[in-house]
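Colleague: Provided below are the primary sequence and the corresponding predicted coordinates.
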Amino acid sequence: MPTKENTPTTSTSTVFERITVAIVNAIESGAGDYRMPWTVRQDKGFSPLSVGSGKPYRGINVLALWAQAQTKGYSSALWGTYQQWLALGAQVLKGSTGSPVVYWGAIDTKQKESEEADGNSGSRLFAKGYVVFNADQVDGLKMPKRFEPKLSHNERIARADKFFVPLAEVRDGGNRAYYRPDTPDAVYMPGYDQFPEAVDYYSVLAHETTHWTSDQSRCNRELGKRFGDEAYAVEELIAELGSAFTMAHLELELTPRIDHAQYLNSWLKVLRADSRAIFTAASAAQRACDWLTAGAQSPAITQEVAA
């Protein structure tokens, strides 16, 4: 059976703190070689998948599970609750420690619970923590066929090429990749042939097109006074995460951006000071990824909330 520490908690602050600490620890453990938690490549999928629904997790749960995979050395992208594994005929190994994830639910604004305001409606969201276990922590699993790869590597590269065409105009950036708000419809990239591999090019392009979504005509992303002088670094974090989510959507490996190592200390400073900051960044990155996916009209890779 799972250990006692795996009992779900309904304390919102505890949920935020547990997940933030897990992500901060994973960033610190990979900082020496600029290997962020979201560069982890796992068997059976690029985004963490729920064995219960077969769907990818979203937002902060993606980061939380990538971080746990890096820290604990899990090789699989498949996760499930104790009961979900049991339903598949598998048994969580005795003494296994679960990994924290969060469930968001809506409540009536008059109810007095730990809540997070939803800026898009009159409702409020509450966060409830629970735990899941990686496939490496179970015994007796017969892998469902739905988790088998559907496209070859070359087919995924071809899909990525089509994915970005309807989005930002790509202009010659010389030896630099960047986005300029004064030319809001374009991103600037080095030439395709300047990258060692196609996945390197698309990884950088995904980062810059995430910046591109910040324009008011798209996601209208303004970080405001909350992050103050750190807002620029937080936007870079959002772009890093947006690139990771988009590459996972395309089932391509994310290339670590060594040139963004300068932001590590700023990111860690923000995350340590504000346990909700990583939730904000992940939410903004997921929204950007969803916007790009809708705009690209790519073959659907369902990204509903995993149950």
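Modeller: Sure thing, it's come through. Residues are numbered from 1 along each chain as shown.

Colleague: where does pLDDT dip in this protein?
Modeller: Scanning the chain for pLDDT under 70 picks out the ranges 1-12, 108-123, 298-307.

Colleague: need the strands for it, in chain order.
Modeller: Secondary structure of the chain by DSSP state E: the strands cover 49-50, 78-80, 91-92, 99-107, 116-117, 124-134, 138-139, 169-172, 186-189.

Colleague: which one of the ones you listed lies closest to residue 261?
Modeller: The closest of those to residue 261 is strand 186-189. By C-beta to C-beta, the value is 20.3 Å. All C-beta spots, glycine's among them, are computed from the backbone N, C-alpha and C.

Colleague: got the CA coordinates for that closest one in CSV?
Modeller: Extracted C-alpha coordinates of strand 186-189, given in CSV (Å, rounded to 0.1, in the frame of the first residue of the first chain):
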residue,chain,number,x,y,z
ALA,A,186,7.0,38.0,-36.7
VAL,A,187,9.6,36.1,-35.0
TYR,A,188,13.3,36.1,-35.9
MET,A,189,15.3,32.9,-36.3
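
Colleague: where along the protein do the helices fall?
Modeller: 12-30, 60-72, 82-87, 153-164, 198-212, 231-249, 264-273, 277-296 (DSSP state H).

Colleague: TSV please, covering those and showing distance to residue 177 and mean neighbour count.
Modeller: Converted to TSV, these look like this (distance: least, C-beta to C-beta, whole Å; neighbours: other C-beta atoms under 10 Å):
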stretch	distance to residue 177	mean neighbour count
helix 12-30	22	19
helix 60-72	23	25
helix 82-87	41	16
helix 153-164	13	16
helix 198-212	5	24
helix 231-249	11	24
helix 264-273	19	16
helix 277-296	16	21
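
Colleague: now these as JSON lines including distance to residue 105?
Modeller: Formatted as JSON lines, these follow (distance: least, C-beta to C-beta, whole Å):
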{"stretch": "helix 12-30", "distance to residue 105": "11"}
{"stretch": "helix 60-72", "distance to residue 105": "14"}
{"stretch": "helix 82-87", "distance to residue 105": "19"}
{"stretch": "helix 153-164", "distance to residue 105": "32"}
{"stretch": "helix 198-212", "distance to residue 105": "28"}
{"stretch": "helix 231-249", "distance to residue 105": "22"}
{"stretch": "helix 264-273", "distance to residue 105": "25"}
{"stretch": "helix 277-296", "distance to residue 105": "15"}
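
Colleague: and residue 47, which of those is closest to it?
Modeller: helix 231-249 (3.9 Å).

Colleague: the closest one - contacts with which helices or strands?
Modeller: For helix 231-249, the packing partners by 3 or more C-beta pairs under 8 Å, 6 or more residues apart in numbering; DSSP states H and E come out as helix 60-72, helix 198-212, helix 264-273, helix 277-296.

Colleague: I'd say residue 82 and residue 130 touch.
Modeller: No. Residue 82 is not in contact with residue 130 according to C-beta atoms under 8 Å; the separation is 10.0 Å.
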